[in-house]
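>>> fold the following.
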Amino acid sequence: MPEVIFPGPAGRIEGRYHPSKRKGAPIAVILHPHPQFGGTMNNQIAYNLYYTYVKRGFSVLRFNFRGVGRSQGSFDHGVGELSDAAAALDWVQSINPEARTCWIAGISFGAWIGMQLLMRRPEIEGFISIAAMANRYDFSFLAPCPSSGLFVHGSEDRVAPVKDVVPVIEKVKTQKGILLEHAVIEGANHFFDGKVDELISVVNDYLDQRLGAGEEETAALPPPPDPVEEEVEED
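The predicted model follows:
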């Protein structure tokens, strides 16, 4: 899991990158939760998503948005962070020129950034959107949504309640050729405390459905990074 530094619109961006052993393997980019409330690329969900794609033979990148960790710049309320995500995708594509497809996975704030990136980059063929805050951010840009994907929420999420995201999903669900699925993890809060394994199991089931089980790439899973306490501003 080499550490990488690559150029971004606000300066250098810090990341972790795992190259696939397979030539032409697909790419996955992982987007972490809100930078101002403790979100980093070492968030436990981001970390587990990273290795979910690694085990499937993807070339995978997770990175810190501007102003987080060693990434330069400062928080830009989503505008700059979307530019960071585009720069991250550009970078990983530049070292994987034969990769034909890409997946995006985002958590909370990162889900909002990921869905905006999805609308701008036709090579993104699938997404995982976890705890998307449709009650706090405008997701109306998703009509029509260009790629199929999975939304996952916790039944006890008080930051992004299920009732607030379902109308968003229903709005784009009928777009021709696009299938959006929504899973609810019973008893899970916004951070999926104590439910991360169950969350990753749901994600894996969806990826099996879309990609097939396939052969997993052997990768030793290092110890998870120290957990970071995350907070989300309550209304």
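
>>> could you give the mean pLDDT of stretch 177-195?
For stretch 177-195, mean pLDDT rounds to 95.

>>> would you mind measuring the gap between the ends of it?
32 Å (C-alpha to C-alpha, to the nearest Å).

>>> dump the helix or strand of the chain with the lowest mean pLDDT to PDB, restricted to CA.
In the chain, no helix or strand scores lower on mean pLDDT, DSSP states H and E than helix 162-173, which sits at a mean of 81. Presented in PDB, the C-alpha positions along helix 162-173 are these (Å, rounded to 0.1, in the frame of the first residue of the first chain):
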ATOM      1  CA  VAL A 162     -33.400   7.200   5.200                       C
ATOM      2  CA  LYS A 163     -36.700   9.100   4.500                       C
ATOM      3  CA  ASP A 164     -34.700  12.000   3.100                       C
ATOM      4  CA  VAL A 165     -32.600  10.000   0.600                       C
ATOM      5  CA  VAL A 166     -35.400   7.600  -0.700                       C
ATOM      6  CA  PRO A 167     -37.100  10.400  -2.700                       C
ATOM      7  CA  VAL A 168     -33.700  11.200  -4.400                       C
ATOM      8  CA  ILE A 169     -33.300   7.600  -5.400                       C
ATOM      9  CA  GLU A 170     -36.900   7.300  -6.600                       C
ATOM     10  CA  LYS A 171     -36.500  10.400  -8.700                       C
ATOM     11  CA  VAL A 172     -33.700   8.800 -10.900                       C
ATOM     12  CA  LYS A 173     -34.600   5.200 -10.600                       C
END
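
>>> that one - contacts with which helices or strands?
strand 148-154, strand 180-185 (3 or more C-beta pairs under 8 Å, 6 or more residues apart in numbering; DSSP states H and E). C-betas here are computed from N, CA, C, even on glycine.

>>> now the ones you listed as a markdown table including mean neighbour count and distance to Tyr206?
Putting the helices and strands packed on helix 162-173 into a markdown table (neighbours: other C-beta atoms under 10 Å; distance: least, C-beta to C-beta, whole Å) gives the following:
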| stretch | mean neighbour count | distance to Tyr206 |
| --- | --- | --- |
| strand 148-154 | 23 | 5 |
| strand 180-185 | 17 | 7 |
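
>>> nearest to Asp208, of these?
strand 148-154 (11.7 Å; C-beta to C-beta).

>>> just the CA trace of that closest one, in CSV.
Provided in CSV are the C-alpha atoms of strand 148-154 (Å, rounded to 0.1, in the frame of the first residue of the first chain):
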residue,chain,number,x,y,z
SER,A,148,-26.0,2.2,-12.1
GLY,A,149,-25.0,2.0,-8.4
LEU,A,150,-25.8,1.3,-4.8
PHE,A,151,-26.9,3.6,-2.1
VAL,A,152,-26.5,2.3,1.5
HIS,A,153,-27.9,3.9,4.7
GLY,A,154,-28.3,3.0,8.3
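
>>> which residues in the chain form helices?
44-54, 79-94, 109-120, 162-173, 196-211 (DSSP state H).

>>> any idea how far the closest residue to Asp76 other than its chain neighbours lies from Phe75?
In space, and not counting its chain neighbours, Asp76 is closest to Arg66: 6.6 Å by C-beta to C-beta, 6 or more residues apart in numbering. Taking C-beta to C-beta, to the nearest Å as the measure, Arg66 falls 7 Å from Phe75.
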